[in-house]
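Asks: Give the three-dimensional model of this entry:
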Amino acid sequence: MSYNDVILLLGSNINNPQKNIEIALENIESKVGTILTKSELILTKPVEFESSNIFCNIAVKLKTQSSPIKLLSEVKAIEKMMGRVNDSSAIGAYQDRIIDIDIILYNNIKFSSKKLIIPHQKNLYDRDFAKELINKVK
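Replies: Numbering: from 1, shown residues only. This next block holds a predicted model:
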């Protein structure tokens, strides 16, 4: 079976964000694939919505055997298990969240479906904090 190089971006801004990131990383490692490198954790203001809760963010590079769609299912299952009820795409807006796991890059492919677009355009090209974290694990 072949392995795929993936970059994920994680964020949390409620209920002990740093601990939420740690729990999500443990779940990624046990259920998704081997984490090869991690950026540092950084604190950022919410983007594209108003909140007084500051985000804790990290980027990770991992190796996984999962396909893009299976990977999406796995990270969404981790989000749900950690208590995330509504996905931003489902409600059409951003809001505070216990955990958010975005698939940024998957090998060097371009992938587009109704539920997933790789590379993740906003985080890869528009958000400075995300570009900085992603570049540290590439």
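Asks: And the strands in this protein, which stretches?
Replies: Counting by DSSP state E, the chain has strands at residues 4-12, 33-38, 42-44, 55-64, 100-106, 111-112, 117-118.
Asks: what residues does the last one touch?
Replies: If I follow you right, that is strand 117-118. Residues outside strand 117-118 that contact it (Cβ atoms under 8 Å, 6 or more residues apart in numbering): 68, 103-106, 109-112. In short, each C-beta sits where N, CA and C put it, glycine included.
Asks: Redo the residues you listed as CSV? Include pLDDT and neighbour count.
Replies: Converted to CSV, those look like this (pLDDT from 0 to 100; neighbours: other Cβ atoms under 10 Å):
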residue, pLDDT, neighbour count
P68, 96, 20
I103, 96, 21
I104, 96, 24
L105, 96, 21
Y106, 97, 23
I109, 94, 10
K110, 94, 8
F111, 93, 15
S112, 93, 9
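Asks: which ones are touching the residue nearest to N53 when sequence neighbours are not counted?
Replies: Excluding its sequence neighbours, the residue lying closest to N53 (Cβ to Cβ, 6 or more residues apart in numbering) is N13, at 4.1 Å. Applying Cβ under 8 Å, 6+ apart to N13 gives the contacts 46, 51, 53-56, 96-97.
Asks: how about CSV for those, with distance to V6 added?
Replies: Shown next, in CSV, are the contacts of N13 (distance: Cβ to Cβ, whole Å):
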residue, distance to V6
P46, 25
S51, 28
N53, 27
I54, 26
F55, 21
C56, 21
D96, 26
R97, 21
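Asks: Top of those by number of neighbours, please.
Replies: R97 (25 neighbours; other Cβ atoms under 10 Å).
Asks: Just want the phi and psi numbers for the closest residue to that residue other than its chain neighbours.
Replies: Leaving out its chain neighbours, the residue that sits closest to R97 by Cβ to Cβ, 6+ apart is R84, at 5.8 Å. Backbone geometry at R84, expressed as degrees, to the nearest 10, gives phi -80, psi 120.
Asks: and R84, what does it touch?
Replies: Residues counted as contacts of R84 (Cβ under 8 Å, 6+ apart) are 97-100.
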